[in-house]
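[1] okay, predicted coordinates and the sequence, questions at the end:
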Amino acid sequence: MDAIKALADPCLREAARDELAARGSAAVGPLLDELLDASSPVPHGQIEFVLTERIGPVAFDEVLTALAATEDEESRRRVSRVFTSFRAVDRYVEALSHPSAEVRNSAAYGIQSACSVAFGREPNADVDYALVIDALTPLLADPDPEVAQRAEWVLTMLGPGVVERMREVRVHGPANLRSRALSVLASVGGEEALSPADRAAVERLIRIKALDDQALPLDTCFTSWIAVPTGDQQGIVEVLDLFEARPATFGLGLSVGMHDSHDGAEYGRVYVTPEVDGWTLVVGPWCNPVDPERADDVLRVVTELSRRYGRAQAYYFGEQGGGSGWLVVEDGTVVRRFGSYWDDDGARYTVGEPLPEERAACVEEGITPVGDAGADDEEWTDLAAYLAPQLADQLGVSPLDLGPHNTVRGVGAVALTPYAREHGRPCTGAYAI
């Protein structure tokens, strides 16, 4: 125990590691007890290092047993971190069939850490990937939903070799694996990885769901959209030069929007809503009126839409201080453009005088209205950073507030933008319908 306590002292740490390593398996139990002691001054990382790097494989079984016996979330987290650091892929494969869901989940995560080829990582030369894929596949139907989800995530990170195995499942079953196998296929290879039969089934499901599709909030955390007061979806598609528009439910539009907004702004694709209370919305990062890369082009296309439909608007809203931006155009004339970020006063985007709705928002907030003598620029910038959804509601329809109360006519569509023609088609993936 003195050697374990000495791990907390940088001056004594190396000698303590040597002593504990020399004790081998006899030190594993006391180290785990220390790990689970909430009052221990010993850093968890030091215990993990000794168990996995200095004592090594002889500690694996005892750590596994401790993980299976954990009764609270904090203990599970501590022991799981040690368990997944052994990088013992063959032992993790064995543990995938353990009765404990905690062990199965952690074993799958251990495989992920040791075998993932995601984000450009090189394959692990010591691993038989086909064996690992075969071992993980049954967990797609694990009775514990967290284990099933983990298995799906890990399979998507094991490279193209997973495609053929998932195709076999899609054709030959077992039936309880087929749904998640489809998600894995879509995540790994996009639509192109699906068989013609699977593509047809997905399209059929979309058509069926679209028959009674209800509006959903299209809140993608970093949400950009164009709003036009018309139900002429096809006309908007033509003005914006969108192509390959395909039917999509609100759920699918939200799922695509979440993907395109979170993984680095994807400008190649948008979701075009059906008519909602007399408005059509186009949602996606391509629509951002205050994005340095998109601002000029968005100004151009929104102006064109306003000439055809009388009015058109564009907005950006980033939750939790991500800023706001708006563009309002009437009959080809820009009425107002403004952008507000925490690190940018928006001056480079500003066109036109403050809208009455902007001034009213200032009064409601208890500050001098923007544009008036004595208005505080900093107060206005802080308020404006959250204002886009409110302005969108007041001037038309906001995608963040959609729901069953809205009247919907027609069917939405996911379409490619002119950006995709020039820069290539966006990668597809697994999206909720």
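    Done, it's in. Numbers count the residues shown, from 1 in each chain.
[2] packing partners of the lowest-mean-pLDDT helix or strand in the chain?
    None of the helices or strands of the chain scores lower by mean pLDDT, DSSP states H and E than helix 377-384, at a mean of 88. Under the contact criterion of 3 or more CB pairs under 8 Å, 6 or more residues apart in numbering; DSSP states H and E, helix 377-384 touches strand 333-340, helix 356-365. C-betas here are computed from N, CA, C, even on glycine.
[3] how about residues contacting the first one?
    Applying CB atoms under 8 Å, 6 or more residues apart in numbering, the external contacts of strand 333-340 come out as 289-290, 299, 303, 306, 316, 323-329, 346, 348-355, 358, 381, 384-385, 387.
[4] give me the buried positions along stretch 20-27.
    Residues of stretch 20-27 classed as buried by neighbour count (16 or more other CB atoms under 10 Å): Leu20, Ala21, Ala27.
[5] returning to that earlier point: which of the helices and strands packed on helix 377-384 sits most buried?
    Mean neighbour count (mean count of other CB atoms under 10 Å) peaks for strand 333-340 among the helices and strands packed on helix 377-384, with a mean of 20.
[6] just the mean pLDDT for that one, thanks.
    Averaging pLDDT along strand 333-340 yields 94.
[7] hey, what's the closest residue in space to Ala385 that isn't next to it in sequence bridged with?
    Nearest residue to Ala385, sequence neighbours excluded (CB to CB, 6 or more residues apart in numbering): Ser340, at 4.6 Å. As for beta bridges, Ser340 partners with Ser324 under DSSP bridges.
[8] going forward, the N-terminal residue is numbered 46.
    Sounds good: first residue 46 from here, last item Ser385.
[9] off-centre distance for the least confident helix or strand of the chain?
    How far helix 422-429 lies from its chain's middle: 30 Å, per CA atoms, centre = their mean, to the nearest Å.
[10] run through who's touching it.
    By CB under 8 Å, 6+ apart, the list of residues contacting helix 422-429 reads Ser369, Phe383, Ser385, Asp390, Gly391, Glu403, Ala406, Cys407, Glu410, Ile412, Thr413, Val415.
[11] in it, what's buried?
    Result for helix 422-429 [16+ other CB under 10 Å]: buried residues Trp425, Thr426, Leu428, Ala429.
[12] ok, which stretches of the stretch 96-245 of the chain are helices?
    Using DSSP state H, counting those that start in this stretch, the helices found in the stretch 96-245 of the chain span residues 105-114, 118-128, 134-140, 146-160, 174-181, 190-200, 206-217, 223-234, 241-255.
[13] ok, and what's touching the fifth one?
    Okay, so that is helix 174-181. The contact list for helix 174-181, computed with CB under 8 Å, 6+ apart, reads 134, 138, 141, 153, 156, 160, 168, 196, 199-200, 203-204, 206-207, 210.
[14] buried ones among these?
    Buried among the contacts of helix 174-181 by 16+ other CB under 10 Å: 134, 138, 141, 153, 156, 160, 196, 199-200, 203-204, 207, 210.
[15] please name the nearest non-neighbouring residue to Leu239.
    Using CB to CB, 6+ apart, the nearest residue to Leu239 is Leu230, at 5.9 Å.
[16] ok and the host helix or strand of Val347 relative to strand 378-385, angle-wise?
    Assigned by DSSP states H and E, Val347 belongs to helix 340-354. Helix 340-354 and strand 378-385 meet at an angle of 140 degrees, taking axes from the mean of the first three to the mean of the last three CA atoms, to 10 degrees as the criterion.
[17] which other helices and strands contact the helix or strand following helix 340-354?
    For helix 340-354, the following helix or strand on the C-terminal side (DSSP H and E) is strand 356-363. Applying 3+ CB pairs under 8 Å, 6+ apart, one finds that strand 356-363 contacts strand 267-273, helix 340-354, strand 368-375, helix 433-440.
[18] where does this protein have low pLDDT?
    In the predicted model of the chain, residues 46, 308, 387-392 satisfy pLDDT under 70.
[19] rewinding a little: hey, which of the helices and strands packed on strand 356-363 is tucked in deepest?
    With neighbours defined as mean count of other CB under 10 Å, the helices and strands packed on strand 356-363 peak in mean count at strand 267-273, which reaches a mean of 27.
[20] now that one: how far from the chain's centre is it?
    19 Å.
[21] switch the buried residues of helix 422-429 over to TSV; also include distance to Pro241.
    Compiled in TSV, those are given as follows (distance: CB to CB, whole Å):
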residue	distance to Pro241
Trp425	56
Thr426	53
Leu428	53
Ala429	50
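[22] which members of those are the farthest-apart pair?
    Within those, Thr426 and Leu428 form the most distant pair, 7.4 Å apart (CB to CB).
[23] gap between Glu289 and His468?
    Distance check for Glu289 against His468: by CB to CB, to the nearest Å, it reads 15 Å.
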